[in-house]
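> predicted structure and sequence below. I'll ask about it afterward.
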Amino acid sequence: MVTQEQRKRQLAREKFLRQQQRRTALRRKARARNAVIASVLGVVLVGSLALYTTGVLKDDDKANASSEASPSASPSAVEDPCEKPAAGAVKTQTWKKEPAITIDKSAKYTMKLATTCGDIDVALKTSAAPHTVNSFNFLAGKGYFDHTKCHRLTTNGIFVLQCGDPTGSGSGGPGYTIPDENLKDTSLKANVYPAGTVAMANTGQANSGGSQFFLVYEDSQLPPSYTPFGTVSEAGMAVLKKIAAAGENTGAGDGAPNATVVIDKATVTKS
């Protein structure tokens, strides 16, 4: 006959085995999720977010998932480190074709993102990515990025802040696309985009970049398919780290930043 104590031990072992199975399943899902994030670091995010909005992780699994994923604070658990956005409305103008190149390809250009969380200065790679830099010079001059939210933060496997969509949905753009450039940049080694890289998002297809871009705050394993066109300054990196520390709103490593990251003003300046 099984004693009460033996029954308790049996139930404890069964519970432990169930927890181990759940954790193994979560690790498998995390690896698959990272692969998906890498393949669709682009301008349409609805599909990549679906996993986290359909209740896949719930009840007991939520507690287990918190120990498997990188820390990503919930909105209620962290104080917003950023200021209120400046007054103003997002512009919705689009264009039918890429603007003609008007920049001096031999000159140095810098982009300043005056955000609610602090200024992020970017040294642009003009000669290596002239179409991209010219497009940003054009769009910034039109006030296209002003008052727009940085709509996506990834904190697990890939570590980027994504911005540049006036709709804030992850699917917006300027109405035109620009060609891929500088995909053999010497900074991209072993399929790693190093911290400080600023690169174009795309739809997963060649030459599909528009206005959305991402800023890498920690070395990230990615295929060399995203035009690297700038490098964040040291002070700008401190701002990115502050945003990343606040986490994202799904708790699963890919969602909207908990910090209120709004680009109050974007400017491109010739040095």
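The structure has been received and is ready for your questions. Residues are numbered from 1 along each chain as shown.

> which residues does I263 bridge with?
Note on I263: beta-bridge partners by DSSP bridges are T115, T148.

> ok, now which ones touch it?
L113, A114, T115, F145, D146, H147, T148, K149, C150, C163 (Cβ atoms under 8 Å, 6 or more residues apart in numbering). For every residue, glycine as well, the C-beta is placed using N, CA and C.

> swap the cut-off to 10 Å and go again
85-86, 90, 112-117, 120, 140, 144-150, 163-164 (Cβ atoms under 10 Å, 6 or more residues apart in numbering).

> give the PyMOL command for selecting the buried subset of those residues.
Buried residues among the contacts of I263 (16 or more other Cβ atoms under 10 Å), as a PyMOL selection:
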select buried, resi 85+90+112+113+114+115+116+117+120+140+144+145+146+147+148+149+150+163+164
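
> can you tell me which of the contacts of I263 are in strands?
Among those, the residues falling in strands (DSSP state E) are K112, L113, A114, T115, I120, T148, K149, C163.

> want to throw these into CSV with distance to P179 and pLDDT?
Listed next are the ones in strands among the contacts of I263 as CSV, based on distance: Cβ to Cβ, whole Å; pLDDT from 0 to 100:
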residue, distance to P179, pLDDT
K112, 25, 98
L113, 23, 99
A114, 29, 98
T115, 28, 98
I120, 25, 98
T148, 23, 98
K149, 27, 98
C163, 21, 98
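
> pick out the most distant pair among these.
K112 and K149 (17.7 Å; Cβ to Cβ).

> L161: what secondary structure?
strand (DSSP: H, G, I helix; E, B strand; the rest coil).

> which residues of this protein fall in helices?
4-39, 46-53, 60-68, 130-141, 234-245 (DSSP state H).

> confidence score at S225?
Among the per-residue scores, S225 holds a pLDDT of 98.

> quick check: it vs V122, distance?
As judged by Cβ to Cβ, to the nearest Å, S225 and V122 stand 20 Å apart.

> next one: N137
12 Å.

> okay, and the common contacts of these two?
Common neighbours of N137 and V122 (Cβ under 10 Å, 6+ apart) are Y109, M111, V268.

> and those as CSV, adding neighbour count and pLDDT?
Converted to CSV, the shared contacts of N137 and V122 look like this (neighbours: other Cβ atoms under 10 Å; pLDDT from 0 to 100):
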residue, neighbour count, pLDDT
Y109, 21, 98
M111, 23, 98
V268, 21, 98
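
> pick the one among those closest to G230.
M111 (6.5 Å).

> I'd assumed V268 was in contact with the closest one.
Yes. Under the criterion of Cβ atoms under 10 Å, M111 makes contact with V268 at 4.9 Å.

> what is in contact with those two at once?
V122, L124, V133, F136, N137, A140, F145.

> what residues are up against the second one?
By Cβ under 10 Å, 6+ apart, the contact set of L124 is 103, 107-111, 130, 132-133, 136-137, 198, 229-231, 268-271.
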